[in-house]
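In: Mind folding the following:
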Amino acid sequence: METKIATFAAGCFWGVEAAFRQVPGVVEAVSGYAGGHTDNPTYRQVCGHGTGHAEAVEVTYDPQRVTYGQLLDLFWQMHDPTQLNRQGPDVGDQYRSAIFTYGPEQEREAIASRDHEQQKYSRPIVTQIVPAPRFWPAEEYHQRYFEKNGGAACHVIPGAAR
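Out: All right, here's what the predicted structure looks like:
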């Protein structure tokens with residue numbers, strides 16, 4: 001099986017990871033940090049706003065079973081992309097909305113998807129679409145957080161912000 005990678009930031013990574021894990025064709029979803037300037041950041045450092053990282057999820061997927069476009073569709077549904085540096089009660093630059101792209105094809109598809117989604121919102125979408133930087137996996141206690149600890153998703157209800 002040949003897999004591909006996609007990386008998304010849509011607020012608290014626990015809910016993003018849990019949502020992507022439910023998608024048939026997603027082989028792995030890992031919570032972590034992307035988009036900052038510090039090597040191997042810790043959760044405490046990221047929450048302290050000194051590293052520039054977003055809480056992100058690296059998704060490994062089988063493109064024969066799920067397309068990048070389908071992953072983008074889920075990304076837009078799981079959060080409010082019009083909120084700058086926050087999702088619901090979670091506030092800070094680590095909760096920003098971002099799509100980290102791997103190559104020009106993903107970049108084109110992400111931009112087209114964003115432009116299509118913008119038609120559904122009265123406020124501007126603030127999601128960053130940028131080349132994928134190095135992804136740093138989060139500490140083990142963040143991986144599969146809801147499976148280990150229970151709890152509900154920490155994201156907006158799809159369509160509620162529109």
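In: Please enumerate the strands of this structure.
Out: Listed in chain order, the strands of the chain (DSSP state E) span 4-10, 26-34, 54-61, 86-87, 90-91, 97-101, 128-131, 136-137.
In: Enumerate the positions of the third one that are buried.
Out: Within strand 54-61, the residues that count as buried by 16 or more other C-beta atoms under 10 Å are 54-59, 61. (Glycine included, C-beta is placed from N, CA and C.)
In: Kindly provide the distance from the spatially most distant residue from the centre of the chain to V27.
Out: In the chain, the residue that sits farthest from the middle, by C-alpha atoms, centre = their mean, is M1; the gap is 23.9 Å. According to C-beta to C-beta, to the nearest Å, M1 and V27 sit 8 Å apart.
In: just H37 next, same as before
Out: In terms of C-beta to C-beta, H37 sits 29 Å off from V27.
In: wait, R134 sits on A34?
Out: Yes: between R134 and A34 there is a contact under C-beta atoms under 8 Å: 7.5 Å.
In: Out of the buried residues of strand 54-61, which is nearest to A6?
Out: Distance to A6, by C-beta to C-beta, is smallest for V59 among the buried residues of strand 54-61, at 4.7 Å.
In: What's opposite that closest one in the beta bridge?
Out: For V59, the beta-bridge partners are A6, A29 (DSSP bridges).
In: quick one, what contacts it?
Out: Counting by C-beta atoms under 8 Å, 6 or more residues apart in numbering, V59 touches 5-8, 20, 26, 28-29, 71.
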